[in-house]
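> fold the following and give me the result.
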Amino acid sequence: MLLKGLTAAFALYALLRVVSRYRRGGGLTVELVVWLLIFSGLGAVVFIPSRTDALARLLGVSSGFNALTFITITGLLFAVYRLFQRVQTLQRDLTRLVRELALRDPEAVAPKRDAG
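Residues are numbered from 1 along each chain as shown. Coordinates of the predicted model:
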């Protein structure tokens, strides 16, 4: 019962943080909806675990826990892929920007040398 209470408290805290961040203009509506679904689902699964068994049967796995584990791992791998892709894009854009600035004004981007 302690684990259920802690999980529900975490889900509620996370929901409040997501909503407050959105209200401050720190996130997109799509992000708000996704996180609301995730943390609301987490809170619901704690108190209604039989729903995950129905999902497991639909996915063809043995238990609700296995189904949620597979879905979570798949989601995390996709998130890592997207983050990696975003970092590569930012690195490429930064390289192009620095190269362009260096060609415009070479002294502006030249490293400073210490006299000594």
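> any stretches of this structure with poor pLDDT?
Scanning the chain for pLDDT under 70 picks out 108-110, 114-116.
> longest helix in it, please.
In the chain, with assignment by DSSP state H, the single longest helix is helix 64-104.
> could you list every helix and strand that that helix packs against?
In terms of contacts (3 or more C-beta pairs under 8 Å, 6 or more residues apart in numbering; DSSP states H and E), helix 64-104 is packed against helix 50-59, helix 106-109. Placement of C-beta: from N, CA and C, glycine included.
> taking helix 50-59 as reference, get the angle to it.
Counting by axes from the mean of the first three to the mean of the last three C-alpha atoms, to 10 degrees, helix 64-104 lies at 80 degrees to helix 50-59.
> dump the helices and strands packed on helix 64-104 to TSV, plus mean neighbour count and distance to Gly26.
Below are these laid out as TSV (neighbours: other C-beta atoms under 10 Å; distance: least, C-beta to C-beta, whole Å):
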stretch	mean neighbour count	distance to Gly26
helix 50-59	13	31
helix 106-109	9	32
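> and those as a markdown table, adding distance to Asp93?
Listed next are those as a markdown table, based on distance: least, C-beta to C-beta, whole Å:
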| stretch | distance to Asp93 |
| --- | --- |
| helix 50-59 | 39 |
| helix 106-109 | 16 |
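> who wins for proximity to Gly41 among these?
Across the helices and strands packed on helix 64-104, Gly41 has its closest neighbour in helix 50-59 (9.4 Å, C-beta to C-beta).
> the helices and strands packed on helix 64-104: which one's closest to Gly43?
Distance to Gly43, taken as C-beta to C-beta, is lowest for helix 50-59 among those, at 12.1 Å.
> ok so, going back, for the helices and strands packed on helix 64-104, which one sits closest to Leu36?
helix 50-59 (17.5 Å).
> good, we can wrap up now.
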